[in-house]
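[1] I'd like to go over a predicted model; first the sequence, then the structure.
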Amino acid sequence: MPLYFFRISNGRYAGASDQGSEFESREAAWAEMTKVCGNLLGSISRSMKQNAEWQMEMLDESRKPVFRIRLVAESVGDEQIPRLSARG
């Protein structure tokens, strides 16, 4: 079975797992990656700064990316979001 490795990048910092995981297929590897990523995203998004990027990659046995999931926080402009006022 193919061996895969996780790599997480947060801004300029990145680290890959030393221990690989075996999966029966690319689809099984993708399913595991989305599960792991889903478990992490809540805590990551709560501590994420504006104009930052976080990503998780799954690497193959030669350590080349096979899949990537990115979370990007962007400041779109100086405009404030209008607030709705309650009438009554």
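    Cool, got the structure.

[2] Mind listing residues that contact stretch 55-73?
    Stretch 55-73 has contacts (C-beta atoms under 8 Å, 6 or more residues apart in numbering) with 2-9, 16, 20, 26, 29-30, 33-34, 36-37, 40-41, 44-45, 48-54. Every residue, glycine included, has its C-beta placed from N, CA and C.

[3] Drop anything exposed from the residues you listed.
    4-9, 20, 29-30, 33, 36-37, 48, 54 (16 or more other C-beta atoms under 10 Å).

[4] A52 and I8, how far apart?
    According to C-beta to C-beta, to the nearest Å, A52 stands 13 Å off from I8.

[5] try E27
    Separation of E27 from I8 (C-beta to C-beta): 22 Å.

[6] Now do the SS call for I44.
    Of the three states, I44 takes helix under DSSP: H, G, I helix; E, B strand; the rest coil.

[7] Dig out what the nearest residue to it once chain neighbours are set aside forms beta bridges with.
    Once flanking residues are discounted, I44 sits nearest to W54: 5.5 Å by C-beta to C-beta, 6 or more residues apart in numbering. W54 has these beta-bridge partners by DSSP bridges: N10, L71.
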